[in-house]
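> show me the folded form of this:
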Amino acid sequence: MSGTQDHANAQDTHAEGHDAHEGPIKTPKQLIVAVFFAFVIPIVIIVMLANYVSSEIKPGAGGTGLEGEAVAARIQPVGSIELKDLTNAAAMKTGEQVFQGQCAACHATGAAGAPKLGDHDAWGPRVKTGFDTLVHSALKGKGNMGPQGGGDFSDFEISRAVVYMANQGGAKFDEPKLPAAAASGADAGASAPAAPASAASQ
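Sure thing, here's the model as predicted:
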């Protein structure tokens, strides 16, 4: 009898040990939920991350990115050159246009000690130095103002801007004339077509 009693005690001990090692999953429903969260959710997250990383603007259907505009945009030069006709004063920017494009940042607000446009007291001493001195200061730079010569505007256009600003400040400067070299180029250009025409008639 002691053999059967030992066997029963062993089964009880085994059952108690089995209960002690039982995990949080007790029903099939809990097992399904655990499998779902353990495998399906990480796979969904991986797929979403892969899609996010590989998502970029792709050409539309039938588009290869080799269209004329797309190629031209990719191979355009970094810089560009703009040629101006220095013999035509009408094609040049006016003093006000140059002021708006280049000078207004400081001279409209008085930033960095620049004389404000229309301030007669600030422009008075500068106007007394003369037109040539003002143009030289504008082209070469003075104080906090950097040199304007050689930039987007020609020296003639900068001269026009100086006249515009100085006249707003009380000066009575005349509009500058084209330099002699440019004016003679205009005269030569006007007379040049006449020579071939007369040669052709002979």
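
> hey, where'd the helices end up in the chain?
Using DSSP state H, the helices of the chain run over residues 2-20, 28-35, 41-54, 68-75, 95-98, 104-107, 120-128, 131-140, 155-168, 180-191, 194-201.

> so who does residue 27 touch?
Neighbour list for residue 27: empty [criterion: CB atoms under 8 Å, 6 or more residues apart in numbering]. For glycine as for every other residue, the C-beta is placed from the backbone atoms N, C-alpha and C.

> what pLDDT is listed against the spatially most central residue of the chain?
By CA atoms, centre = their mean, the chain has its centre lying nearest to residue 78, at 13.3 Å. As predicted, residue 78 sits at a pLDDT of 84.

> do the one 10 residues further on as well
Reported pLDDT at residue 88 in the predicted model: 72.

> likewise residue 29?
pLDDT at residue 29 comes out at 90.

> pull the number of nearby residues for it.
Residue 29 has 9 neighbouring residues, counting by other CB atoms under 10 Å.

> begin at 676 from here
All right, first residue 676 from here; so that's residue 704.

> isn't residue 846 right up against residue 802?
Yes: applying CB atoms under 8 Å as the test, residue 846 and residue 802 come out as touching, 4.3 Å apart.

> can you pull out the low-pLDDT segments for this protein?
Along the chain, the parts satisfying pLDDT under 70 run over 676-696, 733-740, 764, 824-826, 855-877.

> one more pass at 50, please.
861-877 (pLDDT under 50).

> ramachandran angles for the residue nearest to the centre of the chain?
phi -70, psi -40 (degrees, to the nearest 10).

> do the one 4 residues further on as well
With angles defined as degrees, to the nearest 10, residue 757 sits at phi -120, psi 120.

> from residue 776, how far out is it?
Distance, residue 757 to residue 776, by CB to CB, to the nearest Å: 13 Å.

> who's more crowded, the two?
residue 776 (14 against 5).

> that one and residue 832 touch, don't they?
No: using CB under 8 Å, residue 776 is not in contact with residue 832; the gap is 9.4 Å.

> which residues are common contacts for those two?
By CB under 8 Å, 6+ apart, the residues touching both residue 776 and residue 832 are residue 768.

> any idea how far residue 744 is from residue 750?
From residue 744 over to residue 750 (counting by CB to CB), the distance is 11 Å.

> same deal with residue 761?
31 Å.

> looking at those two, which one has more neighbours?
The residue with more neighbours, out of residue 761 and residue 750, is residue 761; 19 against 7, by other CB under 10 Å.

> pretty sure the more buried one sits against residue 831.
Yes: contact criterion CB under 8 Å: residue 761 and residue 831 qualify, at 7.2 Å.

> quick one, what contacts residue 771?
Applying CB under 8 Å, 6+ apart, the residues contacting residue 771 are residue 839.

> so what's residue 750 up against?
No contacts exist for residue 750 under CB under 8 Å, 6+ apart.

> OK, contacts around residue 779?
Per CB under 8 Å, 6+ apart, neighbours of residue 779: residue 792.
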